[in-house]
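A.B. asks: Provided below for reference: sequence and predicted model.
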Amino acid sequence: QVQLVESGGGLVQAGGSLRLSCSASRLTFSSYAMGWFRQAPGKEREFVAAIKWSGTRTDYADSVKGRFTISRDNAKNTVLLQMNSLKPEDTAVYYCAASRDAFGIPRSGYDYWGQGTQVTVSS
């Protein structure tokens, strides 16, 4: 079945940077829009960023706009999330997701999900 595997999480001080990576297998990667979501303890999972199949359009939650950058490499079946100027409120489990809405940059309705990677930002 489809596999999405996130990596790159960890502990970082406020103001620091991390780069998350999501490797996809058993799907035609370029036929999917890709997204990142996060879930903090006691909170619902929330949209972070999305990217169209071609990489030519992106969308970001207001809380991360200007600090996070989503990108993809269709040749490597990989989607990245570069996170700069991290804040303690960015602490969460970050999930990679794939959507059949390849031409869109959806904020919901994703078809496949990874297991998540923990990001902890200390103050």
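C.D. replies: Here it is on my side, so go on. For clarity, every value in this text was computed on a predicted model and none was experimentally measured.
A.B. asks: and residue 103, what pLDDT?
C.D. replies: For residue 103, the pLDDT comes out at 89.
A.B. asks: that should have said residue 86, apologies.
C.D. replies: So, for residue 86, pLDDT stands at 98.
A.B. asks: out of everything not next to it in sequence, what's closest to the residue most central in space within the chain?
C.D. replies: Nearest residue to the geometric centre of the chain (C-alpha atoms, centre = their mean): residue 36, 2.4 Å. Among residues not flanking residue 36 along the chain, residue 48 sits closest, at 4.3 Å (C-beta to C-beta, 6 or more residues apart in numbering). C-beta coordinates here come from the backbone N, C-alpha and C atoms, glycine included.
A.B. asks: please apply the same query to residue 53.
C.D. replies: residue 102 (3.9 Å).
A.B. asks: if I look at that neighbour, how far off is residue 47?
C.D. replies: 17 Å (C-beta to C-beta, to the nearest Å).
A.B. asks: check contacts around residue 45.
C.D. replies: Applying C-beta atoms under 8 Å, 6 or more residues apart in numbering to residue 45 gives the contacts 37-39, 95.
A.B. asks: mind running it again at 6 Å?
C.D. replies: Under the criterion of C-beta atoms under 6 Å, 6 or more residues apart in numbering, the contact partners of residue 45 comprise 37, 39.
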